[in-house]
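Engineer: A predicted structure for the sequence below; I have some questions about it.
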Amino acid sequence: MTSISQRFQSLRDRNQRALIPFITAGDPDLATTTEALRILDRNGADFIELGVPYSDPLADGPVIQAAATRALQKGTKLEHVLEIVADVSPNLQAPIILFTYYNPILNRGVKSFLAQIASVGVRGLVVPDLPLEEAEDLINTAAEFGIEVILLVAPTSSQERIEAIAKYSQGFIYLVSVTGVTGVRSQLQDRVKTLLTQMRTITDKPIGVGFGISGPEQARQVSDWGADGVIVGSAFVQRLANGSPKEGLQAIEILSQELKAAIAQASLQTVGSIQ
């Protein structure tokens with residue numbers, strides 16, 4: 001099974017950027033989540049970030065918070081999420097990255113949790129409320145199970161902190177494009193471009209940019225700025241929740257195709273400029 005690092009290296013070898021869609025498991029229902037993973041995999045997703053619904057999602061904006069609430073109200077539990085991953089991951093090209101807060105990990109025990117998610121095919125882990133100072137145990141234990149723990153860099157992070165996060169983050173570094181929670185925004189902060197340039201002097205690890213990217217133009221913009229991956233969450237969650245499940249699935253299929261095309265265009269321009 002391909003690791004996140006291996007997949008990013010393969011993309012870099014072809015001068016391509018990664019599309020990383022995010023969806024919330026169990027919204028609007030588990031069957032739709034299962035089909036959504038397959039559709040995203042067939043329509044340009046290089047990785048898929050799958051959110052475990054949580055009752056107090058501090059890093060998430062209103063769209064993803066609402067999705068998590070709906071999923072929890074329908075009884076979605078971690079066991080259901082992992083059953084879905086076990087079912088679909090053997091037939092997916094895109095490695096699955098699990099997005100969860102730290103409390104569910106603590107409740108199960110770090111080693112037990114990691115063993116369980118690894119056994120169903122999860123390849124990466126994002127824990128937004130885990131500070132760097134407390135991440136070492138999780139990172140080291142996760143490595144034993146072939147799980148890469150991806151750490152987040154905030155726009156307000158100091159040079160010293162960026163260097164420390166870049167050192168310990170596995171798979172890629174998750175650069176948060178805005179100050180605050182996730183959500184659709186009309187434009188990205190110019191600070192992102194500066195941070196990408198700054199981070200390139202610190203590390204050669206892949207950098208994915210997320211939070212606030214809502215459509216093809218922004219995806220292309222961050223790709224032009226030099227991001228290795230574009231992470232899009234609220235836009236997918238919003239479309240999947242609108243209308244019937246069938247309509248939601250059709251909407252994310254179109255969005256995935258549009259985003260991938262925009263990213264590919266940016267990649268081609270980069271190759272052309274090198275030549």
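Structural biologist: Everything's here; your move.
Engineer: just checking, L249 touches L37?
Structural biologist: No - using C-beta atoms under 8 Å, L249 is not in contact with L37, being 10.7 Å away. For every residue, glycine as well, the C-beta is placed using N, CA and C.
Engineer: listing request: residues of this protein with sub-threshold pLDDT.
Structural biologist: 178-189, 267-275 (pLDDT under 70).
Engineer: nearest the middle, which residue of it would you pick?
Structural biologist: The centre of the chain sits closest to E49, judged by C-alpha atoms, centre = their mean, with a distance of 4.0 Å.
Engineer: and that one, what are its bridge partners?
Structural biologist: Beta bridges link E49 to F22, I97 when assigned by DSSP bridges.
Engineer: returning to what we had before: between L249 and L37, who's got more neighbours?
Structural biologist: L37 (25 against 19; other C-beta atoms under 10 Å).
Engineer: quick one: the strands in the stretch 51-200 of the chain?
Structural biologist: Residue ranges of the strands in the stretch 51-200 of the chain, as given by DSSP state E, counting those that start in this stretch, are 96-99, 122-126, 148-150, 152-153, 173-176.
Engineer: show me what the longest one is packed against.
Structural biologist: This means strand 122-126. strand 96-99, strand 148-150 (3 or more C-beta pairs under 8 Å, 6 or more residues apart in numbering; DSSP states H and E).
Engineer: ok, back up a step: out of the strands of the stretch 51-200 of the chain, which gets nearest to G208?
Structural biologist: Nearest to G208, of all the strands of the stretch 51-200 of the chain, is strand 173-176, at 5.5 Å by C-beta to C-beta.
Engineer: buried set for stretch 164-181?
Structural biologist: 164-166, 169-178, 181 (16 or more other C-beta atoms under 10 Å).
Engineer: okay, and which of these map to helices?
Structural biologist: Secondary structure from DSSP state H places A164, I165, A166 of those in helices.
Engineer: just give me the closest of these to V81.
Structural biologist: V81 lies nearest to I165 out of these, by C-beta to C-beta, at 26.5 Å.
Engineer: and the closest residue to the closest one other than its chain neighbours, how many neighbours does it have?
Structural biologist: Spatial nearest neighbour of I165, excluding adjacent residues (C-beta to C-beta, 6 or more residues apart in numbering): L151 at 4.9 Å. Neighbours of L151 under the rule other C-beta under 10 Å: 23.
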